[in-house]
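> requesting a structural model of the entry that follows:
(4 chains)
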Protein chains: 2
Amino acid sequence: MNKEEQVIMGFRDLLNKMVLLNKFKMEDSLKGYKPSEVHCIEYIGRNVDSNVVKLAESFYMTTGAISKLTKKLIKKGTIESYRKPDNKKEIYFRLTDQGKVIYKIHEELHKEFQERDKSVFEQVTEEQFDSMLSFVEKYSRHLDAEIKKLG
Amino acid sequence: MNKEEQVIMGFRDLLNKMVLLNKFKMEDSLKGYKPSEVHCIEYIGRNVDSNVVKLAESFYMTTGAISKLTKKLIKKGTIESYRKPDNKKEIYFRLTDQGKVIYKIHEELHKEFQERDKSVFEQVTEEQFDSMLSFVEKYSRHLDAEIKKLG
DNA sequence: GCATTTTTGCTTCCTTGTCAACAAAATAAT
DNA sequence: ATTATTTTGTTGACAAGGAAGCAAAAATGC
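Reported below is the predicted structural model:
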C-alpha cells in the first residue's frame, strides 16, 4: 500500500473511530437523540434559514431523508418550520427553546471532545496544520471538478 | 472554526465526495455489485482466511450485517465459505473464479482513480505525506485508548 | 474433568436512508 | 403571456445496517 492510500484509509479509519466514540458519549448525555438528529440540530442552530435542500447538500444525503428527519424533529418539538411572506415554496427551520437546550448540551460535549484530544493536537505545528489544510482544499476542489463532469 | 475542526471536517467532506464519485463509477463498470459488496470482495481477495468477525471489525460494522452480506455474495456465486478440519466454529471465505474477476475489475478501477487524482498527489512532498501519516497514527492510537476505556 | 465465560455466527425486528414518482411553486424561454 | 424547465419538498416501496437474543463451539478457570 502506497502513501496516498495510507493517508486516505488512515483518515477513514480515524473518522470511523470518532463516530463510534461520539455515539457512545452522545447516548450518555443526549439520551433520546440519535447522532443524525444532533447533527441536524447543530446545523440548524448555526445557519439561519436552513431548509431541506441545504441540509441535504451539507450532509451528502437525499432530500427525502432530510424531509423525514426534520419531520421527526418537529414532532419531538426540537425544531419548528417557518415561511417567508413572499415565498410560498421554501420552508425554513429554526430551533425551539427545547432545541436550543440540546444545541447547548451538544456544544459542551464538543468542547469535551476537544479537551479529550488536546494532547494530540498540541503536537501538531502550525505548518503541519496549514499543510494538511492546503492538501484537503486542493483535493476537494479536484473532486468537485470530477463530480461536475458526471452531471 | 479552528484549524483542528477544519482538518477533520475537511477530510470528512473529502471522503464523502469520494464515496459519491466511486459509487457512480462502480455502477458503471461493476453493474450488479454495490459498493459494500465490492468492498467486501476486495477485503476477502486481499486477506487469507477472512471471516465474519474480521470483516466486521475492519468495516466498523456489526457481525450481523456482515453475515447477511456474505450470504448474499455466496448466493451470487462471488465468494465461497470453507472450514478447517480442526475447527468446527469458524467459517472462512475465499473468492470464487467469478469473484476474482470482480476483484480484477475493481483493481483496474482503483488504478483509474489513482490516475484521476495523480495531479493532486504529485504536488504533495514526501515530508507532507510523512507528516500527515504521523498525525493519523498518533490520533488513531489516542482514540483506540479512549475506545478501550469504554469497554 | 467439569463448569463458566468468551467467541463466532445467525436470525428477527426495527430504524434509517435511497430511489422513484409526484405535486406545487418559482424561474426561464419564447 | 403562456409554456417549458427547474427547484423544493413529500411520500411509499424497498434495501442496508444495527440491536438484541440465541445456539454452538472454543477457551478459560477451578
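
> going forward, measure contacts and count neighbours with C-alpha atoms only.
Noted.

> quick one: what helix or strand has the residue nearest the centre of chain A in it?
The residue lying closest to the centre of chain A (CA atoms, centre = their mean) is residue A:39, at 5.0 Å. Using DSSP states H and E, the element containing residue A:39 is helix A:35-46.

> so does that helix get close to DNA strand C?
Yes. Legend: contact between helix A:35-46 and DNA strand C by CA under 7 Å from any atom of the strand is shown at residue A:36.

> for that helix, buried residues please.
A:37, A:38, A:39, A:40, A:41, A:42, A:43, A:44, A:45 (16 or more other CA atoms under 10 Å in any protein chain shown).

> need those in JSON lines with distance to residue A:20, can you?
As requested, the buried residues of helix A:35-46 are exported to JSON lines (distance: CA to CA, whole Å):
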{"residue": "A:37", "distance to residue A:20": "16"}
{"residue": "A:38", "distance to residue A:20": "15"}
{"residue": "A:39", "distance to residue A:20": "15"}
{"residue": "A:40", "distance to residue A:20": "18"}
{"residue": "A:41", "distance to residue A:20": "19"}
{"residue": "A:42", "distance to residue A:20": "19"}
{"residue": "A:43", "distance to residue A:20": "20"}
{"residue": "A:44", "distance to residue A:20": "23"}
{"residue": "A:45", "distance to residue A:20": "24"}
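
> of all those, which comes closest to DNA strand D?
Of all the buried residues of helix A:35-46, residue A:44 has the smallest distance to DNA strand D: 12.7 Å, by CA to the nearest atom of the strand.

> just checking, the closest one touches residue A:93?
Yes. Using CA atoms under 8 Å, residue A:44 is in contact with residue A:93, at 6.7 Å.

> where do the contact lists of these two overlap?
Residues touching both residue A:44 and residue A:93 by CA atoms under 8 Å, 6 or more residues apart in numbering or on different chains: residue A:50.

> specify the angle between the strand ranked longest in chain A and helix A:35-46 in degrees.
Counting by DSSP state E, the longest strand found in chain A is strand A:87-95. Using axes from the mean of the first three to the mean of the last three CA atoms, to 10 degrees, the inter-axis angle of strand A:87-95 relative to helix A:35-46 is 110 degrees.
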